[in-house]
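Peer 1: Using only what follows, build the 3D model:
(2 chains)
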Amino acid sequence: MEKNPLIQTVGLKKYFPVGKRKLHAVDDINISIQEGSTLGVVGESGCGKSTLGRTIIRLLEPTAGQIFYDGKDITNLSEQAMKEYREYIQIIFQDPYSSLNPRQSVSDAIAMPLKLHANLDVRQDIAKRTKELMDTVGLAQRLVNSYPHELDGGRRQRVCIARALALNPRFIVCDEPVSALDVSIQAQILNLLMDLQRDNGLTYMFITHDLSVVKHISDEIMVMYVGQCVEKAPYAELFKHPLHPYTRALLSAIPVPNISMRAKKAHVIRGEISTPIDPKPGCRFAPRCEHCSERCTGVDIPLNEVSPGHFVACPYAEENL
Amino acid sequence: MSEKLLEISNLSVEYRTTDETVYAVNGIDLEIRRGKTLGLVGETGAGKTTTALSILRLLPDRTGRITSGSIRFDGEDLLTLPEDVIRHRIRGERIAMIFQDPMTSLNPVMTVGFQIAEAIRYHTDHLSKEQIEKRVEEVLELVGIQAERKKEYPHQFSGGMKQRVVIAMALSCEPDLLIADEPTTALDVTIQAQVLAIMDELRERLGMSMIMITHDLAIVAQTCDNVAVMYAGEIIENGTLEDVFTGDKHHPYTIGLFGAIPDLEHETERLSPIEGLMPDPANLPSGCAFAERCPYRMDICEKAHAAVYTDGTHRIACNLYADENNKGEA
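Peer 2: Sure, this is the predicted structure:
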């Protein structure tokens, strides 16, 4: 029996006005994430993946569409009513250098959500919970009074994670949480996030441009291009049978740390991501696509389910099967 | 003509401030052969960029100083040449550098054409205005940018295009050595693939040597001939690409670096990162700098510097292999 998804969006859109025109940052996105699983969102800079993450947790107001949290429509809740849900929905940002207040110590930063939301009025309770959280994310107690400038990137990101965990959330949007970190630190943080998910049954939406990271952590992967979802599938299926030409290009563009793969010259796609301002109907990848034909322009390409759970927006997807 | 284009021996660099001395590079040896690419790999703060800046003599004036060693480029010691010789004959002309962030390495108030022309004008004596303009157009087309776009300003280009402009500028004087400091870190994967392909093609066509500074082992695997792994200002393992990627012995740090990358080919339940952090370069331990994080640590590692094991082109600075080395020599 299919359980209710923890997070669901229906036809979610976010447009930004640019003069009289509209920038289509998120254009008709439908996702559903089951409790305890991870949706990976991949795409290049400017494809709208961060905007999607922020719109889902209502840091940005959606232009159209609906957002459901645990079956309840939270799209139009007032800021006051939303506050109740903020406890359960958290976000970790990309840059641990700019997402911490330089004048807040580690304990201040972690205690802030506790002061705002939890019923822990007693000072000792807050201090105790802060200590627990620091242990959970692997921060040494001696850092409790340190300021962000005294910490390296990996430790700062641990502070951000502790802060996000403070209220025992159920859903966390991870917006490129490891992109700013060195590989060895990146692996430590990825392991931490996966341990936390295993122990606490957390649900993640994991936004990244790094396909090898997304494969490692996700159950399902959505590939975005200029605000739209072009392909969505369980992670193993997506890597085994990528169907959209953009997904294939992305996959072949990743350099592999294996010298025997070197002879296989990467298949380089031409051109660059097209503008999201008032895009014309039709496939937005068409100008860079080698399979493009008249079928790809003029009408929007629907997202078709080609095999169970595998959705593709490409008229040639069936033929590629 | 010697095979070796650049030979660094026993180079040490410090940054001194009133508060502390940062030992950024500690006695490294490196060589780059003509027409080959060396990958310099390591984490933030390992000393990769400092090494590159020393080659170009661009270390910050007041704080940075080279305390020992020599850098021989095509027979001349770059460290003893007077500054005006470096400026007129070496930097930009025979050794060029591409920086990590193309957004900050271009001047926003000058057209890209003007900026490229400036480099050419500075390093060639008797080219007419027309010849310089023609050369600007040539190099832009070389990196796949239409010549008409030379009249545009940096903000009119995307990140990938800006990095191409920077590459065009670096190549405008046909250098013998190109130092690329994380040239694609700020770019998206598909654009990264485009830029790497262009660099690879141009290097082959112009017969340049290259130093590719990166933290991404995958990029090294795809573009380099030789690899040097840096840690806390030292080169802890170097050799040919095969030595470092498929050899049977490795420095524990190198093993850790590979373990930390999520594998696209195989399923891995958990990554095996290196625990801990790199030591503070202002306060390095007396023994092996990696000892604190090393799973194979022995008593000797904390006391003295690691013994160097060599096997042909493969060199590892680790006590683990010290015994085998002695056997080989006996």
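
Peer 1: Spatially central residue for chain B, please.
Peer 2: Centroid-nearest residue in chain B: residue B:213, 3.1 Å away (criterion: C-alpha atoms, centre = their mean).

Peer 1: Let's verify it: helix, strand, or coil?
Peer 2: At residue B:213 the chain is in strand, as set by DSSP: H, G, I helix; E, B strand; the rest coil.

Peer 1: Who is it paired with across the strands?
Peer 2: residue B:40, residue B:181 (DSSP bridges).

Peer 1: Quick one: residues contacting it.
Peer 2: Residues counted as contacts of residue B:213 (C-beta atoms under 8 Å, 6 or more residues apart in numbering or on different chains) are B:40, B:48, B:49, B:52, B:179, B:180, B:181, B:182. Heads up, the C-betas are built off the backbone N, CA and C, glycines and all.

Peer 1: Could I have the buried ones of those as ChimeraX selection syntax?
Peer 2: A single ChimeraX command is used to select the members of the contacts of residue B:213 judged buried by 16 or more other C-beta atoms under 10 Å in any protein chain shown:
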select /B:40,48,49,52,179,180,181,182
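
Peer 1: Take the contacts of residue B:213 and write them to JSON lines, including distance to residue A:12 and pLDDT.
Peer 2: Shown next, in JSON lines, are these (distance: C-beta to C-beta, whole Å; pLDDT from 0 to 100):
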{"residue": "B:40", "distance to residue A:12": "45", "pLDDT": "95"}
{"residue": "B:48", "distance to residue A:12": "43", "pLDDT": "92"}
{"residue": "B:49", "distance to residue A:12": "42", "pLDDT": "91"}
{"residue": "B:52", "distance to residue A:12": "46", "pLDDT": "94"}
{"residue": "B:179", "distance to residue A:12": "46", "pLDDT": "96"}
{"residue": "B:180", "distance to residue A:12": "41", "pLDDT": "94"}
{"residue": "B:181", "distance to residue A:12": "40", "pLDDT": "92"}
{"residue": "B:182", "distance to residue A:12": "36", "pLDDT": "89"}
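
Peer 1: Closest to residue B:196 out of the contacts of residue B:213?
Peer 2: Of all those, residue B:196 sits closest to residue B:180, with 9.7 Å by C-beta to C-beta.

Peer 1: Quick check: the closest one vs chain A, distance?
Peer 2: Using C-beta to the nearest C-beta, to the nearest Å, we find residue B:180 at a distance of 14 Å from chain A.

Peer 1: excluding its backbone neighbours, what's nearest that residue?
Peer 2: residue B:98 (4.6 Å; C-beta to C-beta, 6 or more residues apart in numbering or on different chains).

Peer 1: Three-state assignment for residue B:315, please.
Peer 2: strand.

Peer 1: I'd like to know which elements the helix or strand harbouring residue B:132 is packed against.
Peer 2: Residue B:132 belongs to helix B:129-142 when assigned by DSSP states H and E. Applying 3 or more C-beta pairs under 8 Å, 6 or more residues apart in numbering or on different chains; DSSP states H and E, we find helix B:129-142 packed against helix B:112-123, helix B:159-171.

Peer 1: State the phi and psi torsions of the nearest residue to residue A:47 once chain neighbours are set aside.
Peer 2: Among residues not flanking residue A:47 along the chain, residue A:224 sits closest, at 4.6 Å (C-beta to C-beta, 6+ apart). Dihedral pair for residue A:224: phi -110, psi 150, per degrees, to the nearest 10.

Peer 1: For residue A:224, list each beta-bridge partner.
Peer 2: Bridge pairing for residue A:224 - DSSP bridges - gives residue A:229.

Peer 1: wait, it sits on residue A:40?
Peer 2: No. Judged on C-beta atoms under 8 Å, residue A:224 makes no contact with residue A:40 at a distance of 10.7 Å.

Peer 1: quick one: the strands in the stretch 151-300 of chain B?
Peer 2: B:177-181, B:209-214, B:226-231, B:234-240 (DSSP state E, counting those that start in this stretch).

Peer 1: and the angle for the last one with strand B:226-231?
Peer 2: The directions of strand B:234-240 and strand B:226-231 differ by 160 degrees, with axes from the mean of the first three to the mean of the last three C-alpha atoms, to 10 degrees as the criterion.

Peer 1: near chain A, anything from strand B:234-240?
Peer 2: No. Using C-beta under 8 Å from any C-beta of the partner chain, strand B:234-240 stays clear of chain A, coming no nearer than 9.9 Å.

Peer 1: Now tell me what touches that strand from outside.
Peer 2: For strand B:234-240, the surrounding residues in contact (C-beta under 8 Å, 6+ apart) are B:26-30, B:47, B:225-230, B:244, B:247, B:250-251, B:253-254, B:289-290, B:306, B:312-318.

Peer 1: what do you get for stretch B:274-286?
Peer 2: With C-beta under 8 Å, 6+ apart, stretch B:274-286 has contacts from A:152, A:154, A:184-185, A:188, B:20-24, B:26, B:43, B:45-47, B:231-233, B:253, B:256-257, B:259-260, B:289, B:291-293, B:302-304.

Peer 1: Apply the buried test to those residues and list what passes.
Peer 2: A:152, A:154, A:184-185, A:188, B:22-24, B:26, B:43, B:45-47, B:231-233, B:253, B:256-257, B:259-260, B:289, B:291-293.

Peer 1: Okay, now the unreliable bits of chain A?
Peer 2: A:1-2, A:118, A:120-121, A:262-267, A:320-321 (pLDDT under 70).

Peer 1: What residues does the stretch 201-321 of chain A have near chain B?
Peer 2: A:209-213, A:215-216, A:239, A:249-250, A:252-259, A:261-262, A:265-266, A:268-269, A:272-273.

Peer 1: from those residues, which would you call buried?
Peer 2: By 16+ other C-beta under 10 Å, those give A:209-213, A:215-216, A:239, A:249-250, A:252-259, A:262, A:266, A:268-269, A:272-273 as buried.

Peer 1: For the chain, which segments are assigned as helices?
Peer 2: Looking at chain A here, since you left the chain open. For chain A, the helices defined by DSSP state H occupy A:49-56, A:79-86, A:106-116, A:123-136, A:153-165, A:183-200, A:211-217, A:235-240, A:245-253, A:317-320.

Peer 1: That was the other one, I meant chain B.
Peer 2: B:48-55, B:83-85, B:112-123, B:129-142, B:159-171, B:189-206, B:217-223, B:241-246, B:252-259, B:299-303, B:322-329.

Peer 1: what pLDDT, on average, does the shortest one get?
Peer 2: What that stands for is helix B:83-85. Helix B:83-85 shows a mean pLDDT of 92.

Peer 1: Mind listing residues that contact it?
Peer 2: residue B:57.
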